[in-house]
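Participant: just need the structure, nothing else, for what follows:
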Amino acid sequence: YTSAASPTRPMLNHPSCHTHLLVSLLLLTFAWDRAVCSPGEGRSIWQRPKPSPISKDQSFLQDTFPPGFIWGSGTSAFQNEGAWNQDGKGISIWDHFTHSSTSDYFPRETADVTSDSYNCWEEDVEALGYLGVRSYTFSLSWPRLFPEGNATGEPNAAAVDHYSRLIERLIEKKIEPIVTLYHWDLPQVFQDQYGGWKNNTLVELFEQYATFCFKTFGSRVKYWLTMHNPYLVAVQGYGTGVHAPGEKGGVSGSLTVAHNLIRAHAKAWQTYNNHFRPTQRGKVSIVLGSHWVEPHRGQPTAANVALCQQSMEAILGWFADPIFGAGDYPVSLKIKYAGLMPMFTPEEKLWVQKTADFFALSFGPNNFRLGQNLLHNGQSITPDLRRLLGWIKLEYGNPSVLVAEGGWFSDASVGREDTVAIYLMKSFINQVLQAIKFDGVQVFGYSAWSLLDGFEWNYGYSVRRGLFYVDFNQPNRTRVPKTTAQYFKQIVTDNGFPADENSSTDLKGHFPCKFHWGVADSTLQVKHHSFIFFLNYLLLYGSLQPLPGVKLNTRTAQCTDYLAIRNHLRLFASTGASHYRFALNWSLILPEGSRSNVNTEALRYYRCVLTEIKKLNLEAMVILYHPTHRAPNLGLPGPLHASGGWLNYTTVGAFQEYVALCYQELGTWVHYWITINEPNRLIDVYSNVTERHQAAHNLLIAHAKAWRLHEREYFGEQRSLVSLALHADWAIPGNPFVESHRVATERFLLFELGFFLDPLLGTRDEKKKGKYPSEMREYLDDRARVFGLPKSPLPHFTTTERQELNGALSFIALNHFTTRLVSPNPHTQDTLQKKPAPEHDCVTFSDPTWPSSSLGQALVPWGLRKMLKWVNQRYGRTLPIIVTASGIDDQASFEDNLRQYYLRSYLQEALKAYHLDGVNLQGFYVWKLQDRHAPLFGLFTSTQHQSKAKASVALYREIISNSGSSNNSTTQPCRFTEQQEKCLTCEWMLKNKPMLVFGGCLLITSGISSFYTKKSGRP
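Facilitator: Numbering: from 1, shown residues only. Below you'll find the model as predicted:
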């Protein structure tokens, strides 16, 4: 039977993809030379050093794919067609397997109807039209075309007509059909007669079947795929028995089946090449699946690289080496399976090699699951499509590549809002783009798998991979686009990821001359011992010994005697910053929580710090209460914590008493006070909603009373500004296509920021102050009703409290570090069993395409600008905004490139907020000055009591000197203070600190020895 021939149609032009590749989802890689590589160099990819994730060829790439790039989606016959016994279709091994399986681990489900694509094929074409794709990969059902299997007999006319109609409609819609001959649904009759793919008879039978398909449909099909992922057929179908036909033949069975599958593919390709290519001018390949593996701890030792190469050869190389290489198996497999591995004859090697016109790749979860069994010595499997594409380029001589299956799965309960799948798709596709642009991989198409929800093999309907949702309980099987379909449609329309507002070019400009260039620390450690103590002692044999007969008339210790203070402030001054933010220790100053017991030594130490800062002509911003989750008592004096802490209103009064002492004793040297640092994080430690709201309520009142106290009694003389500092990370909807995510994000920001700022400032639209956000109260009231509660746990302020709160803020202080994705709490069984949901009922997560630090902090520079703009729009620009802490962990001891990128990019976004958005931004404080142990957030390392500046110190100083730009050519708009100029000397002193200390010790020891010698009367 031959279908009515249609005129030969020119196939879509392949893009000539030169410089290509992308950034990886979790593991980022290396941009190598674009020259075409000789085959067999795949192992070199692990030997090339990985640059920082923030380098331009590693971070998310805002760019488009080459013109003519083939976007597509796909399905397979058994998974989606249904109609298992309709119109004369024969039984496949999967039909038999699903109807007869009694395995405990295999779902008792069938694909008898599944998404019913045999009857709903027109809806499938409409779905493709919705996406705007240019290709559709689908498979022909061998038992539907030939119920008895043998392709030399009469075909099933209904099946031929069905596939002809589908192909014609696709062509009519300008969608390229990419046709797979075999996607695992072997006619059961061949399994019964021959034992399936174990028998080499199937090589010839497959060739006959391929010949029929080429002859019948080939004039309209320009891309053929002989088989889909034969690795899974061999291993799962005939090795472990997890897939049809369910045989457990072990390694031997898998090796035999794989051998026959490779030979069958090669025969089909040779048939097309010899008999059909001259007239049809199509291309033929085979879809090969693969995982990706990285060496133990990323260490590319020769042994680790060899193991990684063997892992790749055990899955992808098993099939790719014979077909794309020299017609034979990898040496590692022949050694490993000596005696079991079938051998190609010399003649077979000749007609097996080079039997693919392009490399068709499957990159999905099935191979990753199996790849776990091949890990050795700490290797890790990662979903790094860019690295895999690079390996293929190096190993097989830079072939053209079609990603024939790209995608992951979602749990069936996810439904249409498949948010996580969006970010996996984003990551995979951007990795392909980076492979094209940076690494020169010749990828010409990408097929998002799959078009529809369907039967997912041994997982049945428990997971879903479709872009379109199908309700398998509804007879009409309506196709409804998921959010991944919306996202993929956007990518197809844009042909990639064109630059957006978040990737705008750098702005040239400056911050105002009075801008706070700061460094932020937490609680400053008090060190009581002064230098004068050592003058009555002599260092003998490594220990301090009193000098017999020596009694010096020593004076009372002075601030200059505290070496720790001076050394610490020299570090700070060497950064070029003008403001130093640190915290007092409430529990140290008032151990009992009241002025009945005042630690005057602690106050004296802090006073010395402040006076030394003033001597350096620099400014201090002092935090009165810096809670910490690590320290006992949340940083409160012990008695206060024991009596309930912030749940007890008496703590408010105790805080006011403490604040009054600090204003009185230290206020002369402090122009900027922070009453409480991050109260919105402190309340997280409380176990239930009522406690969290009560603690927040009391914290707000405590701040307001502290502010009023300063306004009433100290502002006239000290003229200081008082605020509280909030943790202020930005948030965006996790799923941009779902309204509930947008609403959840707004709610999240209100609970994070509005919860504390609205009572103090009101809003631009609602001038009433002293109240919590109305949207927040309405939400909590509604939620209380849902749970059958009489009222919301959110307290109300009294009239007096509202008056105290009204305007009790001199500036807005925000600690910003990153941006979070927000979605509504799904309230699944898993989440219900975990800790209670937060009041905002949101969950947060991160975009895997954002670069991140070793601690998982995402670098999202534009989030800072968005956050500042949101605060500006809600509260107006009357009050200045100061970013009182911002930084990132970087494990580098000197070349902290991640932190340097952070400083450049975040300050650039702050500059845009100031100039373009009209944000009244008046300061930026880098977190923090010095590491205590291993390199982390500090600008300086601290090892063996020696401090060393990291590279970011010089960068920060450069940015400060240019008032916001890291470009040396920028005209310096503001003059340094005399002290900041002198700090160049500070830098030299810090670098030579050991030599200076040693020299000082020699002078002191020499002087004391001389004095002692004269005293004893010795010559």
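Participant: which residue packs closest to Asn806, ignoring adjacent ones?
Facilitator: Spatially, and ignoring its direct neighbours in sequence, Asn806 is nearest to Lys769 (4.3 Å; CB to CB, 6 or more residues apart in numbering). Every residue, glycine included, has its C-beta placed from N, CA and C.
Participant: same check, this time on Ile674
Facilitator: Closest to Ile674 by CB to CB, 6+ apart is Ile623, at 4.3 Å.
Participant: pLDDT weak spots in the stretch 301-450 of the chain?
Facilitator: 371, 374 (pLDDT under 70).
Participant: thinking again about what came up before, please report phi then psi for the residue nearest to Asn806.
Facilitator: Per-residue torsions, Lys769: phi -100, psi 170 (degrees, to the nearest 10).
Participant: just checking, it touches Phe797?
Facilitator: No - contact between Lys769 and Phe797 fails when scored by CB atoms under 8 Å: they sit 10.0 Å apart.
Participant: who touches both of the two?
Facilitator: Listed as contacting both Lys769 and Phe797 by CB atoms under 8 Å, 6 or more residues apart in numbering are Pro759, Leu805.
Participant: pretty sure the residue nearest to Ile674 sits in a strand.
Facilitator: Yes - assignment of Ile623 by DSSP: H, G, I helix; E, B strand; the rest coil places it within a strand.
Participant: what pLDDT does it get?
Facilitator: pLDDT, Ile623: 98.
Participant: now swap in the one 3 residues further on and tell me
Facilitator: At His626, the predicted lDDT confidence score is 97.
Participant: list the contacts of it.
Facilitator: Counting by CB under 8 Å, 6+ apart, His626 touches Ser522, Thr523, Ala583, Leu584, Gly635, Asn677.
Participant: dump the residues you listed into CSV; add secondary structure, neighbour count and pLDDT as well.
Facilitator: Shown next, in CSV, are the contacts of His626 (DSSP: H, G, I helix; E, B strand; the rest coil; neighbours: other CB atoms under 10 Å; pLDDT from 0 to 100):
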residue, secondary structure, neighbour count, pLDDT
Ser522, strand, 19, 94
Thr523, strand, 20, 92
Ala583, strand, 21, 98
Leu584, coil, 22, 98
Gly635, helix, 23, 94
Asn677, strand, 27, 98
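Participant: of the residues you listed, closest to Glu168?
Facilitator: Lowest distance from Glu168 to the contacts of His626 (CB to CB) belongs to Asn677, with 69.0 Å.
Participant: look up the residues forming beta bridges with the closest one.
Facilitator: When assigned by DSSP bridges, Asn677 has beta-bridge partners Ala725.
Participant: surely it and Met621 touch.
Facilitator: No - assessed by CB under 8 Å, Asn677 is found out of contact with Met621, at 10.7 Å.
Participant: where does pLDDT dip in the stretch 651-800 of the chain?
Facilitator: Judged against pLDDT under 70, the low-scoring parts of the stretch 651-800 of the chain cover residues 766-767.
Participant: gap between the two ends of stretch 71-85?
Facilitator: End-to-end distance for stretch 71-85: 33 Å, by CA to CA, to the nearest Å.
Participant: cool, and stretch 297-307?
Facilitator: Chord length of stretch 297-307, first to last residue, is 13 Å (CA to CA).
Participant: contacts for it, please.
Facilitator: Residues outside stretch 297-307 that contact it (CB under 8 Å, 6+ apart): Arg43, Trp46, Gln47, Lys50, Pro295, His296, His376, Asn377, Gly378, Gln379.
Participant: my guess is Val352 contacts Asn260. True?
Facilitator: No - between Val352 and Asn260 there is no contact under CB under 8 Å: 11.8 Å.
Participant: other SSEs contacting whichever helix or strand Ile323 is part of?
Facilitator: For Ile323, the element it lies in under DSSP states H and E is helix 318-324. Secondary structure elements in contact with helix 318-324, counted by 3 or more CB pairs under 8 Å, 6 or more residues apart in numbering; DSSP states H and E, are helix 230-232, helix 250-275, strand 283-289, helix 346-352, helix 385-396.
Participant: try 10 Å
Facilitator: Other elements packing on helix 318-324 under the criterion 3 or more CB pairs under 10 Å, 6 or more residues apart in numbering; DSSP states H and E are helix 230-232, helix 250-275, strand 283-289, helix 331-336, helix 346-352, strand 359-363, helix 385-396.
Participant: can you say which of those is nearest to Ala151?
Facilitator: helix 250-275 (11.5 Å).
Participant: just give me how far that closest one sits from the chain centre.
Facilitator: 41 Å (CA atoms, centre = their mean, to the nearest Å).
Participant: who are the packing partners of the next helix or strand after that helix?
Facilitator: Following helix 250-275 in sequence order, the next helix or strand is helix 277-280 (DSSP H and E). If you count contacts as 3+ CB pairs under 10 Å, 6+ apart, helix 277-280 packs onto helix 201-217, helix 250-275.
Participant: so what's Ile70 closest to, chain neighbours aside?
Facilitator: Using CB to CB, 6+ apart, the closest residue to Ile70 is Gly445 (3.3 Å).
Participant: just Ser952 next, same as before
Facilitator: That would be Arg899: by CB to CB, 6+ apart, it lies 4.4 Å from Ser952.
Participant: just the element for the one you found, please.
Facilitator: Using DSSP H and E, Arg899 falls within helix 897-915.
Participant: quick one: the residue nearest to Asn806 from Ala704, how far?
Facilitator: Computed with CB to CB, to the nearest Å, the distance linking Lys769 and Ala704 is 10 Å.
Participant: overlap in contacts, the two.
Facilitator: Pro759, Leu760, Phe797, Arg802, Gln803, Leu805, Asn806, Gly807, Ala808, Leu809 (CB atoms under 10 Å, 6 or more residues apart in numbering).
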